[in-house]
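Chemist: just to be clear, the model below is a prediction. Sequence and coordinates:
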Amino acid sequence: MGCCPSAPNSGDEDASGTNINYPHPSAEGTTPFRQYSLAEIMAATDGFSWDNIIAKGGGTIPNYVFRGRLPETQQIAVKRFSKNAWPDVEQFRKEAIRAGRLRHRRLVNLIGYCCDKDERLLVAEFMPNDSLDYRLFNAKNKTMEWSMRLRVACYIAEALEYCSNIEGQALYHDLSPYKILFDEADNPCLSCFGLVKNHRNGRYYCSPYMPPECRSGMITPKSMIFGLGYMIRDLVSGRQIPQDHEMLEMVVGKQIPIRPDSRLKGEYSAEDATALLELASQCMRHKPNDRPTIKDVIATLAQVQSNAAGPSNAGDSEGT
C-alpha cells in the first residue's frame, strides 16, 4: 500500500470525518500529511522491533521513538504513545493534525499520525545525523565547533519564533538537546514531536527540562523561552546540567556559575560567551514575565553571531 500519495486537496476529510488542512504544495517542506493505518506502521517498523528503537522518553508516561521505512524507501521516525497518555482519541487526532499543518525549514516535518485501536502514533521525516545531546555530550565525539553551536542556537530560536507567530500560537513542549536533530545537510532542526505533548485529564506532564510553571499544568510562549535558555547554557558549557528537580531549582534560583567548554580552546571571545550566558540566565528566570521575548533572544544571538570570527552558517546548503 502506498504511504505517501500526492497531497489531497485542502479540506479533505480523514477516516473519522475530521477536516484536514494539508500544507499547500508551495509551502516549505511539501511532504503530504496523512493518517496511516496501524498495518502500515507495523510493516515500516518491523512490528515495533526493539532493534528499531532510537529514543525513549521518560516522565510520568514513557514513550518510544522507532526508526522505520516506508515502501517508497522513505525513512521515518515513529513516536509511540501509550493509550494512557492520550485516552481521548479525538483530542489526539486534533493535536496531530494541528501540528501536521506546520512547515518550516528549521522544523522537522510531521507527515502523519495513527490512532488505530489503542495506538497513538506520530510519524515524522527521519533525521539521519544524530541529535544535539549525542554530539555535544558524548566524550567520544569530536568537539562541536563554536560556529556550529551558534548556528544551533540561531536556528532553533528561528523555529520557535515560527511556532510563536503562527495562528493560534503553537506551543513547543519540553525543548531539550534531545529534540534538536541534524538533517542530511547537517543543519540543526527542531523535532516536531515536541508540538504534541503527553496529555491526560487536561494536564501536561513535564520533564525536568520544563520551567517551574509547567509543574502546575500551565504553559505559555514564555515557557519555550525557558527551554531555549537551558539549551544555550548547554551549548556554551558543553556539558549537561543534572536533570533532577532539586538541581533545576538550584540552577534557576541561585544562578550557579557556568563555565565555557574548555575543549573549544579559544574558538570564541570571552565577550561572546558572557553575552550568551547572560542571555541564558535571562531566559531561565523563575517568573515567565521576567523572561525576554523570542525576538529579543534572536536579536542577541544575531549580534553574537555577527561578532564571531567567521560566518557561523558556512556550509549551510539552504542559506539564511
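Modeler: Nice, I can see it. Residues are numbered from 1 along each chain as shown.
Chemist: contacts, neighbours, all on C-alpha from now
Modeler: Fine.
Chemist: number of nearby residues for the residue lying closest to residue 307 once chain neighbours are set aside?
Modeler: Excluding its sequence neighbours, the residue lying closest to residue 307 (C-alpha to C-alpha, 6 or more residues apart in numbering) is residue 272, at 7.5 Å. Per other C-alpha atoms under 10 Å, the neighbour tally for residue 272 reads 17.
Chemist: and what of residue 136?
Modeler: Neighbours of residue 136 (other C-alpha under 10 Å): 22.
Chemist: buried sites along the helix or strand where it lies?
Modeler: According to DSSP states H and E, residue 136 maps onto helix 132-137. Neighbour-count burial for helix 132-137 flags 132, 133, 135, 136, 137 (criterion: 16 or more other C-alpha atoms under 10 Å).
Chemist: and the residue nearest to residue 307, that's in a helix?
Modeler: Yes - assignment of residue 272 by DSSP: H, G, I helix; E, B strand; the rest coil places it within a helix.
Chemist: any idea how far it is from residue 144?
Modeler: 17 Å (C-alpha to C-alpha, to the nearest Å).
Chemist: burial of residue 265, as a residue count?
Modeler: 9.
Chemist: next one: it from residue 125, what distance?
Modeler: 36 Å.
Chemist: cool, and residue 38?
Modeler: 17 Å.
Chemist: about what we covered before: TSV please, covering the buried residues of helix 132-137 and showing distance to residue 76 and pLDDT.
Modeler: Shown next, in TSV, are the buried residues of helix 132-137 (distance: C-alpha to C-alpha, whole Å; pLDDT from 0 to 100):
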residue	distance to residue 76	pLDDT
132	19	95
133	20	92
135	21	93
136	24	94
137	25	92
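Chemist: let's have the residues you listed in JSON lines, adding distance to residue 293.
Modeler: Shown next, in JSON lines, are those (distance: C-alpha to C-alpha, whole Å):
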{"residue": "132", "distance to residue 293": "24"}
{"residue": "133", "distance to residue 293": "25"}
{"residue": "135", "distance to residue 293": "28"}
{"residue": "136", "distance to residue 293": "26"}
{"residue": "137", "distance to residue 293": "28"}
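Chemist: re the thing from before, which of residue 38 and residue 125 has more neighbours?
Modeler: residue 125 (21 against 18).
Chemist: now that one. Nearest residue, chain neighbours left out?
Modeler: residue 76 (4.8 Å).
Chemist: what about residue 240, which SS state?
Modeler: coil.
Chemist: could you pull out the strands in the stretch 1-150 of the chain for me?
Modeler: Under the criterion DSSP state E, counting those that start in this stretch, the stretch 1-150 of the chain carries strands at the ranges 34-35, 53-57, 63-69, 75-81, 110-114, 120-125.
Chemist: which strands border the fourth one, and is each parallel or antiparallel?
Modeler: Okay, so that is strand 75-81. Here strand 75-81 has these sheet partners by DSSP bridges: strand 63-69 (antiparallel), strand 120-125 (antiparallel).
Chemist: what does that strand rub up against?
Modeler: 62-70, 119-126, 193, 198 (C-alpha atoms under 8 Å, 6 or more residues apart in numbering).
Chemist: next, the angle strand 53-57 makes with it.
Modeler: 30 degrees (axes from the mean of the first three to the mean of the last three C-alpha atoms, to 10 degrees).
Chemist: return the distance of strand 75-81 from the chain's centre.
Modeler: Once both centres are worked out by C-alpha atoms, centre = their mean, to the nearest Å, strand 75-81 turns out to sit 14 Å from its chain's centre.
Chemist: quick one: low-confidence ranges for this structure?
Modeler: Counting by pLDDT under 70, the ranges of the chain that qualify are 1-30, 58-62, 167-169, 198-209, 215-217, 241-256, 309-320.
Chemist: wasn't residue 181 part of a helix?
Modeler: No - residue state for residue 181 (three-state DSSP) corresponds to strand; a helix is not indicated.
Chemist: from memory it sits against residue 133, does it?
Modeler: No - using C-alpha atoms under 8 Å, residue 181 makes no contact with residue 133, being 9.1 Å away.
Chemist: all strands of the stretch 151-300 of the chain, in order?
Modeler: Under DSSP E, counting those that start in this stretch, the stretch 151-300 of the chain gives strands at 180-182, 188-190, 199-200, 203-204.
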